[in-house]
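*Asks:* Got a predicted structure here, sequence first:
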Amino acid sequence: MKFRLFILIIVVITSSARAIHAQELSLIGRTNLSIGLDYRVLDYFGEDLLYSPGGGMGLELGLQVDMGEGFVLQSTLGYQLNLAFQIESFDGVTNKSSSSFNRKFVSLGALKGFNLNGTTIKSLQFGSGINFNWPGALSRIENDVELGKSTYSTGIGLYFEAGLRLQILDNTYLDPAIRYRKLSFTAKSFTQGAVSELPDYLQKLNANGIELGVTFVRKIGR
């Protein structure tokens, strides 16, 4: 089912190529700080080390197409990394607790802008989209004890956003936005046993999150 949805994304992009060719095109780069909506705990010398598969920092690069009437379509390639760790070395003895998780993705979305007629603040924007994700392995270490790595199947996610368009130069904009992401992954392997031996929250990985992002937009013409 997920593979079929991915093929549908490709078909939509391909079938829109002729229309896109006639529209105004922009290069975009987006960075975000993501706050996960499901946090878990690792022990570190009796203290809590929080981690969330839906958190971290991300980067996206892609294209945006002006379709007229305030509508734009955009597609990006992205990478998101969540890393949490604490480490201490004393008298030659090292203790470490950590968690790491990443995902690569293709995103396709649409935005609708509402003109504000400002000198700098040009419009208020609302949008939504979908992304197809390739998750990396989730690795955990607790007080220098390896808790194993779990791998996950690809997943389809949804997002909804609201933001502003700010003009900084001719044909150059910054789009700060807040984005809600809905996304989960299903475990397919575990290095220290069967998938069924994983805690429930790792068998079905919750990668939902709130993203605080900024998109750099540079129009490059038709």
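*Replies:* Here it is on my side, so go on.
*Asks:* mind listing the strands for this protein?
*Replies:* 24-36, 40-44, 47-51, 56-68, 71-90, 93-115, 121-135, 138-142, 145-152, 155-169, 172-182, 184-190, 204-206, 209-221 (DSSP state E).
*Asks:* out of those, which comes closest to residue 197?
*Replies:* For the strands of the chain, the distance to residue 197 is smallest for strand 184-190, at 6.5 Å, taking CB to CB. C-beta here means a position set from N, CA and C on the backbone, and glycine is covered the same way.
*Asks:* helices or strands up against the closest one?
*Replies:* strand 145-152, strand 155-169, helix 200-203, strand 204-206 (3 or more CB pairs under 8 Å, 6 or more residues apart in numbering; DSSP states H and E).
*Asks:* What residues sit buried inside the second one?
*Replies:* By that I understand strand 155-169. 155-157, 159, 161, 163-167 (16 or more other CB atoms under 10 Å).
*Asks:* quick one on the thing from earlier: make a markdown table out of the helices and strands packed on strand 184-190 and add distance to residue 84.
*Replies:* Listed next are these as a markdown table, based on distance: least, CB to CB, whole Å:
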| stretch | distance to residue 84 |
| --- | --- |
| strand 145-152 | 13 |
| strand 155-169 | 21 |
| helix 200-203 | 15 |
| strand 204-206 | 15 |
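*Asks:* Which one, of the ones you listed, ends up nearest to residue 189?
*Replies:* Nearest of the helices and strands packed on strand 184-190 to residue 189, taken as CB to CB: strand 145-152 at 4.7 Å.
*Asks:* got the angle between that closest one and strand 121-135?
*Replies:* 100 degrees (axes from the mean of the first three to the mean of the last three CA atoms, to 10 degrees).
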